[in-house]
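J.: When you get a sec, could you give me coordinates for this:
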Amino acid sequence: MPETSAPIELVDAGGAAPQAEVGIIGGSGFYTFLEGAAEVEIDTPYGPPSAPPSIGSVGGRAVAFLPRHGKAHERPPHQVNFRANLWAMRELGVTRVVAPCAVGSLRPNVHPGDVVVCDQLVDRTWGRPDTFFDGPAINHVSFADPYCSELRSVALGALRTHQVPHHPEGTVVVIQGPRFSTRAESQWFRSAGWSVVNMTQYPEAALARELGICYAALGLVTDYDSGVDGAPDVRPVEMADVFTQLDRNVDQVREVLATLIPGIPTTRQCQCSSAATTGPESCLT
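T.: Next comes the predicted model:
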């Protein structure tokens with residue numbers, strides 16, 4: 001099927017009215033967000049999402065929340081059904097996704113407790129289903145700038161409001177996991193100038209772009225990955241360190257999101273919605 005110039009149309013599940021406009025995909029340590037919200041059982045052409053999305057309201061905006069790894073962190077990064085998660089958001093009517101995620105620092109000036117509002121990513125994963133365009137419809141979306149500039153700007157404003165230590169840009173290198181990096185790998189990543197390391201930003205960000213969904217990541221720095229050069233007292237990361245740091249920051253992240261979500265413009269001025277030129281539905285016919 002040839003490509004067309006028509007942007008994809010956001011359609012909801014079962015033809016019902018959209019139930020949410022903003023989506024939050026929570027990462028490690030961030031499994032709940034909307035207290036008392038109603039869960040929505042939803043299936044997709046790619047199977048069920050990691051957990052039933054919860055639908056609620058934040059600052060007068062309809063929000064869908066979905067824990068990326070499941071409610072009890074039962075899905076390791078290489079087994080997350082990213083396509084089902086993003087498709088579920090789309091069916092609920094979501095046009096913007098904000099994704100808090102745990103990241104390890106690759107630079108001595110990026111400290112645990114900081115937030116990195118990523119502007120670039122490097123994919124070092126393999127074997128993950130990472131496109132909706134498996135055929136017969138074919139499309140090649142623009143991904144030069146993986147993150148929505150408009151959504152990033154709103155996120156930075158919210159971080160400044162709450163005086164959260166943050167970095168307005170940074171490249172995240174996405175590794176396969178579930179293991180952490182070797183010292184040699186971390187040194188390689190640092191030498192390339194990359195800022196943080198993560199296990200889930202790819203293909204999540206790319207799939208959002210294929211669906212015409214604005215996407216921004218809040219990289220919650222939990223550790224120094226394999227350590228810091230010249231600082232032998234900084235030990236390599238362990239999983240317990242990640243969860244300890246996330247527990248310290250979870251309330252702060254909630255506060256930032258409570259400011260960020262109402263601040264998202266109701267009308268999109270970015271180019272994310274026109275990035276996909278062939279509707280993913282055609283892939284299923």
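
J.: what's around residue 266, how many residues?
T.: 6 (other CB atoms under 10 Å). For the C-beta atoms, the positions are set from N, CA and C on the backbone; glycine is no exception.

J.: likewise residue 109?
T.: Residue 109 has 8 nearby residues by other CB under 10 Å.

J.: Tell me the helices and strands packed up against the host helix or strand of residue 222.
T.: With secondary structure defined by DSSP states H and E, residue 222 is part of strand 214-223. Applying 3 or more CB pairs under 8 Å, 6 or more residues apart in numbering; DSSP states H and E, we find strand 214-223 packed against strand 96-105, strand 115-117, helix 149-161, strand 196-198, helix 201-210, helix 239-260.

J.: Can you give the contact residues for the one helix or strand residue 121 maps to?
T.: Element membership for residue 121, per DSSP H and E: strand 120-124. Residues from elsewhere that reach strand 120-124, judged by CB atoms under 8 Å, 6 or more residues apart in numbering: 145-147, 169-176, 192, 194, 201-203, 205.

J.: Need the buried ones from those selected in PyMOL.
T.: Selecting the buried subset of the contacts of strand 120-124 in PyMOL, with 16 or more other CB atoms under 10 Å as the burial test, is done by:
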select buried, resi 146+147+170+171+172+173+174+175+194+201+202+203+205
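
J.: Inside strands: which ones of the contacts of strand 120-124?
T.: Per DSSP state E, strands hold the following members of the contacts of strand 120-124: 171-175.

J.: if we can go back for a sec, and the helices and strands packed on strand 214-223, which one averages the lowest pLDDT?
T.: Lowest mean pLDDT within those: helix 239-260, at a mean of 86.

J.: Just the C-alpha atoms of that helix, please, in PDB.
T.: What follows is helix 239-260, C-alpha atoms only, in PDB (Å, rounded to 0.1, in the frame of the first residue of the first chain):
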ATOM      1  CA  MET A 239      18.800  -2.400  41.900                       C
ATOM      2  CA  ALA A 240      18.200  -1.500  45.600                       C
ATOM      3  CA  ASP A 241      19.900   1.800  45.000                       C
ATOM      4  CA  VAL A 242      17.500   2.600  42.100                       C
ATOM      5  CA  PHE A 243      14.400   2.000  44.200                       C
ATOM      6  CA  THR A 244      15.800   3.800  47.200                       C
ATOM      7  CA  GLN A 245      16.300   6.900  45.200                       C
ATOM      8  CA  LEU A 246      13.000   6.600  43.400                       C
ATOM      9  CA  ASP A 247      11.200   6.300  46.800                       C
ATOM     10  CA  ARG A 248      12.800   9.600  47.800                       C
ATOM     11  CA  ASN A 249      11.600  11.400  44.700                       C
ATOM     12  CA  VAL A 250       8.200  10.000  44.000                       C
ATOM     13  CA  ASP A 251       6.200  12.700  45.900                       C
ATOM     14  CA  GLN A 252       8.200  15.400  44.100                       C
ATOM     15  CA  VAL A 253       7.500  13.800  40.700                       C
ATOM     16  CA  ARG A 254       3.800  13.800  41.600                       C
ATOM     17  CA  GLU A 255       3.900  17.600  42.400                       C
ATOM     18  CA  VAL A 256       5.700  18.300  39.100                       C
ATOM     19  CA  LEU A 257       3.200  16.400  37.100                       C
ATOM     20  CA  ALA A 258       0.300  18.200  38.900                       C
ATOM     21  CA  THR A 259       1.700  21.400  37.600                       C
ATOM     22  CA  LEU A 260       2.900  20.100  34.300                       C
END
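
J.: what angle separates that helix from strand 214-223?
T.: Put simply, helix 239-260 runs at 140 degrees to strand 214-223, going by axes from the mean of the first three to the mean of the last three CA atoms, to 10 degrees.

J.: Just the buried positions in helix 239-260, please.
T.: Across helix 239-260, burial judged by 16+ other CB under 10 Å covers 241-242, 245-246, 249-250, 252-253, 256-257, 259-260.

J.: Show me what it is packed against.
T.: strand 96-105, helix 149-161, strand 214-223.

J.: Rebuild those as JSON lines, extending it with distance to residue 185 and mean neighbour count.
T.: Shown next, in JSON lines, are the helices and strands packed on helix 239-260 (distance: least, CB to CB, whole Å; neighbours: other CB atoms under 10 Å):
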{"stretch": "strand 96-105", "distance to residue 185": "11", "mean neighbour count": "26"}
{"stretch": "helix 149-161", "distance to residue 185": "27", "mean neighbour count": "19"}
{"stretch": "strand 214-223", "distance to residue 185": "15", "mean neighbour count": "27"}
